[in-house]
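1. All I have is the shape, not the residue letters:
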């Protein structure tokens, strides 16, 4: 999707990428720099993220008290919170059914921990992959047999019309708490809390939330009901802020935009994770060897994949069990199992990703999408592979596993293409048998004979929205800085932009005209280099797993060449020192 001028005329970098400078209102950037006393480079990144001058303060210092919407502004929240509070006061049997990803696990654990505070041990059910996504008759019958009076479905249920029906299952009131795209029709249940409901305000701030964020809103509303009823005169009120670690984890891992209220969830949540109060998160952090202050990166790339691994190649319930565990020994056991499953997941994922890339590269692509399918691909990794392809090619990506009875797929998108809406449309046209999701991620099922029809449907929709162009990897550069300015102080200022994630990626910084003072191979094919410039300055750098790439080889055999290098600036606090380091992502030889 390179329908713009190549930055520095780089259409084919040493790693085969097209370079693009992010769009930013330069006058707005100057105004932000002056008003908030930040370096221009920081202000430019803020401006490029679509932040207006009156939004900057909440962006830099997001607080729940300023950004949390009134829960009652969502339809069915008041009705649902009254019913949930009644169940708590009457000590009714409550059941929770969640999805098998991190958002589902965190949503389930958040409700579980909330009910446990009041002495209620809620039943939980996370379906295995062969049971299928969302509510099932198997789960509902289980809840019925165990005497449940209230059933909560989290991160699923909005389109489960066949299963979720209060006339079919009249043993309990059913409440759906979800964030996936909705149809005009809603399930026949007690309440449906979903900011994506067709009848909700199009601009409601909860629309960007992960399901766990919507669950938190529901709990805030329930907490208010309990307080106003006088219940807390006899029972100690919970401190809801203590569970923001779980909310932050689900928010980051569900790849929802880290803007608005989501920034507040994550900014506050990582502070709670740093206190190590959740036994499960603490155990998993230790297994994963996180020995620094937690950041959104650790949630999305270290903890999240391990929790997800249970639902991908292991036992789906492990993630939620870890997060609501009350025993150190039990938490350590779950953490070890998840770590082992994650190792298996990485091996399977690498195989599927390699085969996918081989299918796409060197072959003329009809549409500006990454669209691949094959038999034998593990269903548990196709979502991750879709994400990898999206990152590599900067196009909407669809990965499908062809099974005996049906084709199961997963998709990841880019800004401008709403997957949830496309999937629902394809289902309504009869192309897909099942499907659902949100703007940036979706899952679906279809018959093998309809793969080509689905490809044409998606391809034409993307062309209509974004235009037609051959797929090519894109590196978006946020700002340029001289080597002497790429220092620890600048990284401190850039940290004002964290937490990083969807819609707020870690800034990619270009450093022009640097010399390689020293370079060497370290570890498993990583290239480490010391950078210098005629204008002054010295900077450590590293590019991972690149010794056999053209860029890696040029860095190792530089012959005095000057380079333009792009990457992320990172603090290096080894042995108490305060140094800066460039994590190289791409580069070209300067001419």
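-> Received, thanks. Owing to the predicted nature of the structure, the values given are computational and were not obtained by experimental measurement.

2. Now do the strands in the stretch 451-591 of the chain.
-> Listed in chain order, the strands of the stretch 451-591 of the chain (DSSP state E, counting those that start in this stretch) span residues 474-477, 479-481, 509-522, 526-532, 538-543, 562-572, 579-589.

3. what helices or strands is the fourth one leaning on?
-> In this case it means strand 526-532. In terms of contacts (3 or more Cβ pairs under 8 Å, 6 or more residues apart in numbering; DSSP states H and E), strand 526-532 is packed against strand 509-522, strand 538-543, helix 550-556. No exception for glycine: its C-beta is placed from N, CA and C like everyone else's.

4. Kindly recompute the last result at 10 Å.
-> Applying 3 or more Cβ pairs under 10 Å, 6 or more residues apart in numbering; DSSP states H and E, we find strand 526-532 packed against strand 509-522, strand 538-543, helix 550-556, strand 562-572, strand 579-589.

5. who's in contact with it?
-> Residues outside strand 526-532 that contact it (Cβ atoms under 10 Å, 6 or more residues apart in numbering): 483-484, 486, 511, 514-522, 537-549, 551-556, 558, 563, 565, 581-582, 584.

6. about what we covered before: among the strands of the stretch 451-591 of the chain, which is nearest residue 201?
-> Distances from residue 201 to each of the strands of the stretch 451-591 of the chain were compared by Cβ to Cβ, and the smallest falls on strand 474-477, at 31.4 Å.

7. coming back round to it: now render the strands of the stretch 451-591 of the chain as a markdown table, adding mean pLDDT.
-> Listed next are these as a markdown table, based on pLDDT from 0 to 100:
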| stretch | mean pLDDT |
| --- | --- |
| strand 474-477 | 91 |
| strand 479-481 | 94 |
| strand 509-522 | 96 |
| strand 526-532 | 97 |
| strand 538-543 | 96 |
| strand 562-572 | 95 |
| strand 579-589 | 96 |
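
8. Would you format those strands as TSV with mean neighbour count and distance to residue 331 included?
-> Formatted as TSV, the strands of the stretch 451-591 of the chain follow (neighbours: other Cβ atoms under 10 Å; distance: least, Cβ to Cβ, whole Å):
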stretch	mean neighbour count	distance to residue 331
strand 474-477	19	39
strand 479-481	18	42
strand 509-522	18	34
strand 526-532	20	33
strand 538-543	20	34
strand 562-572	20	30
strand 579-589	20	32
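
9. Any chance of TSV for those strands, columns distance to residue 352?
-> Written out in TSV, the entries for those read as follows (distance: least, Cβ to Cβ, whole Å):
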stretch	distance to residue 352
strand 474-477	23
strand 479-481	35
strand 509-522	28
strand 526-532	24
strand 538-543	24
strand 562-572	27
strand 579-589	23
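
10. how about those strands, which one is nearest residue 296?
-> strand 562-572 (13.2 Å).

11. which strands and helices sit next to that closest one?
-> Taking 3+ Cβ pairs under 10 Å, 6+ apart as contact, the helices and strands that strand 562-572 lies on are strand 474-477, strand 479-481, helix 488-494, strand 509-522, strand 526-532, strand 538-543, helix 550-556, strand 579-589.
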